[in-house]
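>>> Have a look at this prediction, sequence included:
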Amino acid sequence: MKRVMIIGGAGSGKSTLARQIGEKTGLPVIHIDPMYWKAGWVQRPREETAALALQAAQGEEWVFEGNNTATMPSRLARADTLIFLDIGTMIRLWRVVLRVLRHHGRTRPDMAEGCPERFDWDFIKWVAGYRRGGRIGALRIIGSPPPHLKVVHLRNPAEVRRFLAEIPDNQKKI
């Protein structure tokens with residue numbers, strides 16, 4: 001594993017798994033949310049987000065978490081491993097609520113600076129609707145992946161823990 005993409009719905013654990021893989025392997029972690037947002041929850045233009053994501057994907061090694069369908073084909077072409085966190089809606093909603101409570105009023109480590117965590121009813125509805133939209137696209141991708149890509153489809157937290165436990169620790173760590 002040199003270039004790992006992690007996709008899945010909000011609250012599926014993409015950021016957490018990316019950090020954990022980064023810690024175990026020594027691979028740099030790239031979070032897509034700071035590419036979407038500027039301070040004050042101002043959304044970047046799509047072209048700017050795409051340019052930032054594509055530039056980051058040019059690195060030789062990474063764990064890149066986040067969906068961004070506009071850059072998905074280019075990132076998939078560079079990735080050697082794709083992890084799809086196909087976690088159920090109730091778990092994801094619960095995690096999003098816990099995240100809001102844990103970080104309320106403060107910026108999460110994987111978010112753009114100046115974007116304090118807040119409760120957003122529209123976001124909650126979007127999270128709940130992922131299985132009818134974003135998940136269908138992710139299933140299409142893993143159903144016919146590029147031939148060079150190893151696909152890992154994780155459906156619950158226990159599968160995620162087992163997968164993570166199977167990753168050997170990097171010997172390059174200091």
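Yes, it's here. Numbering: from 1, shown residues only.

>>> Is Tyr36 in contact with Arg44, as I believe?
Yes - with contact defined as CB atoms under 8 Å, Tyr36 reaches Arg44; the gap is 6.1 Å. Heads up, the C-betas are built off the backbone N, CA and C, glycines and all.

>>> the more surrounded of these two?
Tyr36 (21 against 16; other CB atoms under 10 Å).

>>> OK, contacts around the closest residue to the more buried one other than its chain neighbours?
Of all residues not flanking Tyr36 in the chain, Thr49 sits nearest, at 5.4 Å (CB to CB, 6 or more residues apart in numbering). By CB atoms under 8 Å, 6 or more residues apart in numbering, the contact set of Thr49 is 35-36, 68, 70.

>>> what about burial for the residues you listed, which qualify?
Taking 16 or more other CB atoms under 10 Å as the criterion, what is buried in the contacts of Thr49 is 35-36, 68.

>>> now, which of those residues sits nearest Arg99?
Tyr36 (16.3 Å; CB to CB).

>>> Let me see the ranges of the helices in the chain.
14-25, 33-36, 46-56, 72-78, 89-103, 121-128, 134-143, 157-166 (DSSP state H).

>>> could I get those helices as a markdown table with mean pLDDT and distance to Met1?
Converted to a markdown table, these look like this (pLDDT from 0 to 100; distance: least, CB to CB, whole Å):
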| stretch | mean pLDDT | distance to Met1 |
| --- | --- | --- |
| helix 14-25 | 97 | 6 |
| helix 33-36 | 96 | 22 |
| helix 46-56 | 97 | 17 |
| helix 72-78 | 94 | 13 |
| helix 89-103 | 96 | 25 |
| helix 121-128 | 93 | 28 |
| helix 134-143 | 90 | 17 |
| helix 157-166 | 97 | 11 |
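
>>> Identify whichever of the ones you listed lies nearest to Leu149.
helix 72-78 (6.5 Å).

>>> contact partners of the closest one?
Taking CB under 8 Å, 6+ apart as the rule, helix 72-78 contacts 3, 5, 7, 53-54, 57-58, 64, 68, 82, 141, 145-146, 149.

>>> In a markdown table: those, plus distance to Arg19.
A markdown table is the format used below for the contacts of helix 72-78 (distance: CB to CB, whole Å):
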| residue | distance to Arg19 |
| --- | --- |
| Arg3 | 16 |
| Met5 | 15 |
| Ile7 | 16 |
| Ala53 | 18 |
| Leu54 | 22 |
| Ala57 | 18 |
| Gln58 | 22 |
| Phe64 | 12 |
| Asn68 | 19 |
| Leu82 | 18 |
| Ile141 | 23 |
| Pro145 | 24 |
| Pro146 | 26 |
| Leu149 | 22 |
